[in-house]
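> model the structure of this input:
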Amino acid sequence: FSSAKRIDTDQFCLWAMKDSSRRFLDGRGTYRLTLPPRVPARHYWSVVVYDHASHAFIRNLVKPGQSSLNPGIQKKADGSIDLYIGPDLSGGNDSNWIPTTPGGRFEVCFRFYGPGQPLFDTTWNLPDLERIG
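Coordinates of the predicted model:
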């Protein structure tokens, strides 16, 4: 689901509670979110994980999310970005990892700060989270 669909808004949010197989996001699993190149956010984007039961930050995480403001985010040659979400860093890059805790379900919020037209006319699409472990 998402926030109000207006191009002049300062922020637009997309929420995920299930993965690409339509299973609830499980804190024991590892997921990949591949951001296509040129995320339509004039200011920046962020991805934050929340506890499903409380809809608040997951307690005791070192970092609850990632954003395009992080200078260490690793991009692929085509400009896309693989973010990894899970309880441990399974061979991935720490700067592209968002930790979870192994107990319980979680939710993911993708925020576009200064959302652009490609988001609204669907020429740019955010894919589903893919469980990889």
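> residue boundaries of the strands in the protein?
Taking DSSP state E, the strands of the chain run over residues 11-16, 31-35, 41-51, 65-67, 81-86, 97-99, 106-115, 130-131.
> which residues does the residue positioned nearest the centre of the chain contact?
Nearest to the mean C-alpha position of the chain, counting by CA atoms, centre = their mean, stands Val47 at 3.7 Å. Neighbouring residues of Val47 by CB atoms under 8 Å, 6 or more residues apart in numbering: 33, 65-67, 83, 85, 98, 108-111. Where you see a C-beta, it was placed from the backbone N, CA and C, and this is true even at glycine.
> if we use 7 Å, what do you get?
For Val47, the contacting residues are 33, 65-66, 83, 98, 108, 110, by CB atoms under 7 Å, 6 or more residues apart in numbering.
> still on that earlier bit, closest to Phe24 out of the strands of the chain?
Distance to Phe24, taken as CB to CB, is lowest for strand 106-115 among these, at 8.9 Å.
> give me the contacts around the closest one.
7, 9-17, 25, 27, 40-52, 58, 85, 100, 119, 126, 129.
> redo that, cut-off 8 Å
Residues external to strand 106-115 that are found in contact with it (CB under 8 Å, 6+ apart): 7, 9-17, 25-27, 33, 39-52, 55, 58, 85, 100, 119, 126, 129.
> before we move on, the earlier item: most packed of the strands of the chain?
For those, the largest average neighbour count (mean count of other CB atoms under 10 Å) is found in strand 81-86, namely a mean of 22.
> for the closest residue to Asp128 other than its chain neighbours, what are its contacts?
Among residues not flanking Asp128 along the chain, Ser20 sits closest, at 3.8 Å (CB to CB, 6 or more residues apart in numbering). By CB under 8 Å, 6+ apart, Ser20 lies in contact with 127-131.
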